[in-house]
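Chemist: coordinates only, no sequence provided:
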C-alpha cells in the first residue's frame, strides 16, 4: 500500500500520539479563540441581529486561529500558501456553523446566547481535520 504522507520509520502509535497532542492543543487554542469570538458576539448582540454579530466575531476569530494554529497547535511555519488556504477551512466551518446557529435558534428554539456554543461544538472535528490538512500540506 502506498501512503504518500507516511514517514518511513515512524510507527502508527507515534503518529497517533502526535495527532492526539495536536488535537489537545487545538482544543486549547479553540477554547481561547471561541471565548474571544463569543465575547464579541455577546457585545454586538446589543446593537445588531445575531447573524451579523456572529459574522464579525467569526472574522476576528479566523485571524487569531491561523496564527495560533500554525505556531501553537501544529507547530508549522506560517506560509503564504497555507495562509491563503486557511480561511477556506473557516469559510466551510462558518457556513456549517451559521446553518446550525439558525437551526438552533429558529427550529429547535435554543436561546440566541446559547446557540453559538451549540454550533461550535458540532463543528470541532471537521475544523480540526481540515486545519491539520492545510497546515501539514503547506
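Modeler: The structure has been received and is ready for your questions. Since we're looking at a predicted model, the values are computed, not measured. Residues are numbered from 1 along each chain as shown.
Chemist: dump the residue contacts of residue 100.
Modeler: 118-119, 122-123 (C-beta atoms under 8 Å, 6 or more residues apart in numbering). From N, CA and C alone the C-beta is placed, and that goes for glycine too.
Chemist: quick check: longest helix of the protein.
Modeler: Taking DSSP state H as the criterion, the chain has its longest helix at helix 12-44.
Chemist: quick one: mean pLDDT over that one.
Modeler: Averaging pLDDT along helix 12-44 yields 89.
Chemist: which secondary structure elements does that helix contact?
Modeler: In terms of contacts (3 or more C-beta pairs under 8 Å, 6 or more residues apart in numbering; DSSP states H and E), helix 12-44 is packed against helix 50-68, helix 112-136.
Chemist: re earlier: and the contacts of residue 100, which is closest to residue 96?
Modeler: Residue 96 has its nearest neighbour among the contacts of residue 100 in residue 123, at 5.4 Å by C-beta to C-beta.
Chemist: ok, that closest one touching residue 93?
Modeler: Yes: using C-beta atoms under 8 Å, residue 123 is in contact with residue 93, at 5.0 Å.
Chemist: higher neighbour count, the two?
Modeler: Using other C-beta atoms under 10 Å, the more surrounded residue of residue 123 and residue 93 is residue 93, with 22 against 18.
Chemist: in the strand or helix carrying that one, what's buried?
Modeler: Under the criterion of DSSP states H and E, residue 93 resides in helix 80-102. Applying a neighbour-count criterion of 16 or more other C-beta atoms under 10 Å, one finds 82, 85-87, 89-90, 93-94, 97, 100-101 buried in helix 80-102.
Chemist: can you check stretch 16-32 too?
Modeler: Buried residues in stretch 16-32 (16+ other C-beta under 10 Å): 22-23, 25-26, 29-30.
Chemist: could you count how many residues lie near the closest residue to residue 29 other than its chain neighbours?
Modeler: Sequence neighbours aside, residue 68 is the residue nearest to residue 29 in space, at 4.4 Å (criterion: C-beta to C-beta, 6 or more residues apart in numbering). If you count neighbours by other C-beta under 10 Å, residue 68 ends up with 18.
Chemist: quick check: pLDDT value at residue 68.
Modeler: The per-residue pLDDT reported for residue 68 equals 93.
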